[in-house]
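Chemist: just the structure for this:
(chains A, B, C and D)
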Protein chains: 4
Amino acid sequence: MIIVLKPTATKADADEILNQIADSGLKPLYMPGVERTVLGAIGDERVLGKLHLESHPLVERVTPILTPYKLVSREMHPADTIVEIGGVPVGGKRFTVIAGPCAVESREQMLTTAQVVKAAGAHGLRGGAYKPRTSPYSFQGLGIEGLQILHDVSEIVRLPAVTEVVEVEDVAAVEQYAAAFQIGARNMQNFRMLKRLGQSRKPVILKRGMAALVDDLLLAAEYIVSEGNPNVILCERGIRTFETATRNTLDLSAIPHIKQHSHLPVIVDPSHGTGVREYVAPMAKAAAACGADGLMIEVHYNPKIALSDGQQSLNPEQFTQLMHDLRRFVEAAGREL
Amino acid sequence: MIIVLKPTATKADADEILNQIADSGLKPLYMPGVERTVLGAIGDERVLGKLHLESHPLVERVTPILTPYKLVSREMHPADTIVEIGGVPVGGKRFTVIAGPCAVESREQMLTTAQVVKAAGAHGLRGGAYKPRTSPYSFQGLGIEGLQILHDVSEIVRLPAVTEVVEVEDVAAVEQYAAAFQIGARNMQNFRMLKRLGQSRKPVILKRGMAALVDDLLLAAEYIVSEGNPNVILCERGIRTFETATRNTLDLSAIPHIKQHSHLPVIVDPSHGTGVREYVAPMAKAAAACGADGLMIEVHYNPKIALSDGQQSLNPEQFTQLMHDLRRFVEAAGREL
Amino acid sequence: MIIVLKPTATKADADEILNQIADSGLKPLYMPGVERTVLGAIGDERVLGKLHLESHPLVERVTPILTPYKLVSREMHPADTIVEIGGVPVGGKRFTVIAGPCAVESREQMLTTAQVVKAAGAHGLRGGAYKPRTSPYSFQGLGIEGLQILHDVSEIVRLPAVTEVVEVEDVAAVEQYAAAFQIGARNMQNFRMLKRLGQSRKPVILKRGMAALVDDLLLAAEYIVSEGNPNVILCERGIRTFETATRNTLDLSAIPHIKQHSHLPVIVDPSHGTGVREYVAPMAKAAAACGADGLMIEVHYNPKIALSDGQQSLNPEQFTQLMHDLRRFVEAAGREL
Amino acid sequence: MIIVLKPTATKADADEILNQIADSGLKPLYMPGVERTVLGAIGDERVLGKLHLESHPLVERVTPILTPYKLVSREMHPADTIVEIGGVPVGGKRFTVIAGPCAVESREQMLTTAQVVKAAGAHGLRGGAYKPRTSPYSFQGLGIEGLQILHDVSEIVRLPAVTEVVEVEDVAAVEQYAAAFQIGARNMQNFRMLKRLGQSRKPVILKRGMAALVDDLLLAAEYIVSEGNPNVILCERGIRTFETATRNTLDLSAIPHIKQHSHLPVIVDPSHGTGVREYVAPMAKAAAACGADGLMIEVHYNPKIALSDGQQSLNPEQFTQLMHDLRRFVEAAGREL
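Modeler: The predicted model follows:
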């Protein structure tokens, strides 16, 4: 850790901090300069958090040397992690596609759509039973009934089911009915939930928040892993920027960045990432090309009547075409669809 | 509502949609143009949400005429709403200052700080018992013990207490110990929580999310009010932008915008809004000048040893000075401190 | 154009505006509603710009129906435009790669690097003679001498040269020495320059500004085309967001959006787009996958000693490997490298 | 400067860099750690720019200790700088208001508006002769004729005139007719222009770019000052963020940040900063409250017919009222209007 002192700091101020560093078991370093005095702390600087040096009135700036996360970092664990969702691997050689409607609306809608995505070659099924909606006047999901429909349909078409959990009190129900938890963008920093899912062993698909740095996403994953659940799959789904041509700005550069800094698998959601049906297929191909481990895609058997996010859902023909076209990109990336 | 059709839409497509509009009880309008056909729907367009016209494959764009929120809008309720926290009014003539430490750390820390803010003229006391922290390795708050300390100190210094609730399961405890709920930026779209607090009658201070439009904030408030709790106080606390000189970018323009569009009171948190101790006082004065109804400010009796956010906490002298300087700005704005 | 009036507007106010619309040769529409009166104007609404209706004190909001650009829109010109740079087509079947150093530093550096990119299969050569630099203490480019080196090297390796023009007074010199102009992100809204280049017939590579909407980029292109130069190539190079893991956030969703709305070719610059050497190749492949017409890539024969942007430059081995790997992605996209 | 090496760097790599630092005349520091080796360079690190250490393949990160700007920093020059525009001081005790129309449209419009702002107490007159406009179909300004009108009106009402220069070739004309140059947001990083104005002695009002960090703004000012012109006035006018309720997000926190880090005066443009007439007065008061040295405000004698930016222009009554109301806030801030 590098600590830059304010110009007004004296040698005595520096010594006070250097002693604290030494007392924490790290090696302190004193680097007086003409314009600023700089202090260093060598060793596992994460223990310095409890000193709160950034609050010291004579500290100008604290710059960490190491990443703030540890368990999810590639340095701790150089090999890629493969997480299994109901027997389907995410990470490794396979490129995994999870598809289905935004929301479970009815048994018929769910079954029809599931049969479509299965036939087209998807490996997992998605569908939301609890829907966090910006407006109180929008459809809020079927709740437990939706979970049951999702579960039944998942068994019929033999695709493991993924669904969002929005509240700690729903964790047990979701755990019973689904093969994997999904944490939505709005809950990425719901730390109570992260800890609770860290106590499960079911895989967790963790979506990046709209205002979250990639480092924030990795710290959120660290919460889950540090509680004991290593089965975390990261998901890039777009961040909020000034551009309004798309619902969010899909940050695909996050994929190589995550691959360099973490061993966890990472998938891409081009449906929420763009919010525009016509842009889903191009961005799905781009995700495969830049090294993502899979996709999460919204498909509806009839987007025109979808109760949620219809404008970004593919219809059956579009999804089938995408799965066909995707193969060559996945193979160019050295993987299998 | 204005519906722009894609160039490929036919008269039959337009008629299908116009019939849906008419069936919903609104007056449909047909406006064929050279390059685009435009449809209109006159009446309370919020009922059109269920048609999901934005998902229609031949609809290019849907533009609402009215605001998506209703109960919190100034049009519904032209007069300013005044919300009382334990007898202290927020909104109206008074400019209200709520101050205290970021986190409750101990009885001594809380009491010392509370006495400071009381003596300096604050009207309410803040202090977090549950702390949502980006890193799992940071201090996470004292929980229920913190609530008890906050409550006791609040009684001793006779300042109503405000504290953050981070999980639905904590609502009952917070309701028992505090005079008002605070919903933090990360929970602004925790819709289950919004609904639960809508069933209380205790006031709710609702902080704007880091990636939230002002309209998203007003829709979140609408969730609470539509469940029956009219006692909502909005709080601007900065949004995430590319600028890194400050922790967030405090969007003070949101204050006149909210005042124009909503009847709810709105306060400003310059501590989180800037993240820099030296900028808190200037931004507090600016908040008073542009029409805010009050402030929420972090104060610690010794920021150097604060367990959370020390770098943005004022020390006792700084807070006392601010309360002194603030008076002239508050009076220039036609209010009382 | 849709004009929403404020609640306080009277029928007389509406009539005044409706008359102005009619006088402009468009068909006016009157849509009174319960909460708002809405006016419409049917026809080529771009002529309404001169009415400045958005400034009218009783107008709440003006929503255009049509895109603000016209000549560059796909509706005006449904077929893809192919622009030739010194005989090399951009757009159409070919996927075009323009490569070279950020800045021309010396004849030797330029020639060595040009031979590398030629051997690896690049179709065009880049190199900056005028360098806009954030700090006055950074290398500012060789100017006219750099142009001469670039030109000579371009002839030796037989690759057409592209270089940035930063000032109207340099246009003549650049026009003499280079096969195409490049307008950098900081100059995307240098309208005098756009008009000046619109009077040339040499192709212009127009880079998106860091704070520019895709629509702003298309309007900037409209400036050039409306002056008479149809040879514009758009270039996505990242926008400024809160994410700091990369220098900019490469907005690849802009590619399908531009392809849907404009007939102009569009290429991607993953070097500036990410600012990180290791992320250039993944994002280059992603650009090919999502439908871009080519790439602009920074290569230096020895990035360690580059005078500008070395941290994002590929070395010869990395660029040669990328050109090899790229082929399969380009072919998967139905094109040729 | 702190240089963090990649885990793969050897002692020999470190030595190579340490020798380069020593050869540059700085004191090198070697800090080996368990996970990373960190190097330091003590002394005026700005000379290290020419080493391009950030491009070194074994360097993970370079963190400067000092600010990148020097001449404009408060450390170099602790006292506030006062810049005079035609005898009117900006900075120091006086709070300075420059007002006028967005664009010079005609002699009558300019004179009428100038008389209004003079009568209301403004200290300077603004008006654009060259207008950078996003669309080629918008009014582009009167050019040299506009400059003449501005100059004549300025003499009649005895207010010094400020006007934007958009191109190096116009500098001489603007210098002749105006008391101060204005550099618009789109030209903040037009480095040729910055250098050219650095050779003048007339004051320069430098507006922050829409995607510019405060540090970028200070570096742009450094360009002007390092060429010899110390008369720079900074201007905060909003940055581009995801919020669309306002045209830009006015970043008032930049004011205390600039005041802490630079000795240059800084004013605020709430007209462009918000883009909404009703929000101009509240934000003008907030600017005075948080320590700005003045304002630049758009006023039009009849905003309804303004050829440019009418929706954000105050009418005569609004401006007169603002000047009246502003006084108490300015005095609360310890200054004079």
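Chemist: can we go C-alpha only for contacts and neighbour counts from here?
Modeler: Noted.
Chemist: ok, A:Gly198 - contacts?
Modeler: Applying CA atoms under 8 Å, 6 or more residues apart in numbering or on different chains to A:Gly198 gives the contacts A:223-230.
Chemist: can you check A:Thr37 too?
Modeler: Taking CA under 8 Å, 6+ apart, one finds A:4-7, A:30-31 in contact with A:Thr37.
Chemist: mind pulling the model confidence for it?
Modeler: At A:Thr37, the model reports a pLDDT of 89.
Chemist: which strand residues bridge it?
Modeler: Using DSSP bridges, the beta-bridge partners of A:Thr37 come out as A:Pro32.
Chemist: so it versus A:Asn19, what's the distance?
Modeler: As judged by CA to CA, to the nearest Å, A:Thr37 and A:Asn19 stand 16 Å apart.
Chemist: ok, now A:Ile98?
Modeler: 54 Å.
Chemist: ok, those two, which is more surrounded?
Modeler: Higher neighbour count among A:Ile98 and A:Asn19: A:Ile98, with 25 against 14, using other CA atoms under 10 Å in any protein chain shown.
Chemist: check which helix or strand covers A:Leu147.
Modeler: helix A:144-157 (DSSP states H and E).
Chemist: name the residues that touch that helix?
Modeler: With contact meaning CA under 8 Å, 6+ apart, helix A:144-157 is reached by A:104-107, A:110-111, A:114-115, A:118, A:125, A:127-129, A:160-161, A:173-174, A:177-178.
Chemist: please check the contacts of A:Thr37 and keep the buried ones.
Modeler: Neighbour counting with 16 or more other CA atoms under 10 Å in any protein chain shown marks A:4-6, A:31 as buried within these.
Chemist: which one is A:Leu194 nearest to, not counting chain neighbours?
Modeler: Nearest residue to A:Leu194, sequence neighbours excluded (CA to CA, 6 or more residues apart in numbering or on different chains): A:Ile224, at 5.3 Å.
Chemist: could you do A:Gly121 as well?
Modeler: Distances taken as CA to CA, 6+ apart place A:Met323 nearest to A:Gly121, at 6.9 Å, with adjacent residues excluded.
Chemist: what pLDDT does the model give the residue in the stretch 201-337 of chain A that chain D sits nearest to?
Modeler: Closest to chain D within the stretch 201-337 of chain A is A:Phe242: 4.0 Å, counting by CA to the nearest CA. With respect to pLDDT, A:Phe242 scores 97.
Chemist: picking up where we left off before, backbone torsions only: list them for the residue nearest to A:Leu194.
Modeler: phi -70, psi -50 (degrees, to the nearest 10).
Chemist: and it, how many neighbours?
Modeler: For A:Ile224, the neighbour count with other CA under 10 Å is 27.
Chemist: report the separation between it and B:Gln189.
Modeler: Taking CA to CA, one finds A:Ile224 at 21 Å from B:Gln189.
Chemist: ChimeraX command to pick out the buried ones of the contacts of helix A:144-157?
Modeler: To isolate the buried subset of those in ChimeraX, counting by 16+ other CA under 10 Å, use the following:
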select /A:104,105,107,110,111,114,115,118,125,127,128,129,160,161,174,177,178
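Chemist: ok, and which of the contacts of helix A:144-157 reach chain B?
Modeler: Among the contacts of helix A:144-157, none lies close to chain B by the criterion of CA under 8 Å from any CA of the partner chain.
Chemist: out of the contacts of helix A:144-157, which sit inside strands?
Modeler: Members of the contacts of helix A:144-157 lying in strands (criterion: DSSP state E): A:125, A:161.
Chemist: which members of the contacts of A:Gly198 are classed as buried?
Modeler: If you count burial by 16+ other CA under 10 Å, the buried members of the contacts of A:Gly198 come out as A:223-227, A:229-230.
Chemist: could I get those residues as JSON lines with secondary structure?
Modeler: Below are the buried ones among the contacts of A:Gly198 laid out as JSON lines (DSSP: H, G, I helix; E, B strand; the rest coil):
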{"residue": "A:Tyr223", "secondary structure": "helix"}
{"residue": "A:Ile224", "secondary structure": "helix"}
{"residue": "A:Val225", "secondary structure": "helix"}
{"residue": "A:Ser226", "secondary structure": "helix"}
{"residue": "A:Glu227", "secondary structure": "coil"}
{"residue": "A:Asn229", "secondary structure": "coil"}
{"residue": "A:Pro230", "secondary structure": "coil"}
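Chemist: of the residues you listed, closest to chain B?
Modeler: Distance ranking of those against chain B, using CA to the nearest CA, places A:Tyr223 first at 5.4 Å.
Chemist: which non-adjacent residue is nearest that closest one?
Modeler: Per CA to CA, 6+ apart, closest to A:Tyr223 is B:Pro136, 5.4 Å.
Chemist: tell me if the one you found really is in a helix.
Modeler: No: according to three-state DSSP, B:Pro136 belongs to no helix; its state is coil.
Chemist: dump the residue contacts of it.
Modeler: Going by CA under 8 Å, 6+ apart, the list of residues near B:Pro136 reads A:219-220, A:222-223, A:226.
Chemist: if we go to 10 Å?
Modeler: Going by CA atoms under 10 Å, 6 or more residues apart in numbering or on different chains, B:Pro136 touches A:68-69, A:191, A:194-195, A:219-224, A:226-227.
Chemist: how about the residues of the stretch 201-337 of chain A that lie near chain D?
Modeler: For the stretch 201-337 of chain A, the residues in contact with chain D (CA under 10 Å from any CA of the partner chain) are A:240-244, A:248.
Chemist: 6 Å - rerun?
Modeler: A:241-242 (CA under 6 Å from any CA of the partner chain).
Chemist: residue numbers of the stretch 201-337 of chain A in contact with chain B?
Modeler: For the stretch 201-337 of chain A, the residues in contact with chain B (CA under 6 Å from any CA) are A:211, A:219, A:223, A:304, A:310-311.
Chemist: out of the residues you listed, which two sit at the greatest distance?
Modeler: Based on CA to CA, the longest span within those runs between A:Tyr223 and A:Lys304 and measures 39.3 Å.
Chemist: mind listing the helices for the stretch 1-150 of chain A?
Modeler: A:11-23, A:107-120, A:144-157 (DSSP state H, counting those that start in this stretch).
Chemist: in the stretch 51-200 of chain A, which residue sits nearest chain D?
Modeler: The minimum distance from the stretch 51-200 of chain A to chain D, using CA to the nearest CA, falls at A:Ile65 (7.1 Å).
Chemist: now do that residue against B:Gly291, distance only.
Modeler: Distance from A:Ile65 to B:Gly291, by CA to CA: 43 Å.
Chemist: which positions in the strand or helix carrying A:Lys285 come out as buried?
Modeler: Using DSSP H and E, A:Lys285 sits within helix A:277-289. By neighbour count with 16+ other CA under 10 Å, helix A:277-289 contains the buried residues A:277-289.
Chemist: next, format those as TSV and append pLDDT and distance to D:Arg94.
Modeler: Formatted as TSV, the buried residues of helix A:277-289 follow (pLDDT from 0 to 100; distance: CA to CA, whole Å):
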residue	pLDDT	distance to D:Arg94
A:Arg277	94	56
A:Glu278	95	57
A:Tyr279	97	55
A:Val280	98	57
A:Ala281	98	59
A:Pro282	98	57
A:Met283	98	55
A:Ala284	98	58
A:Lys285	98	60
A:Ala286	98	57
A:Ala287	98	57
A:Ala288	98	60
A:Ala289	98	59
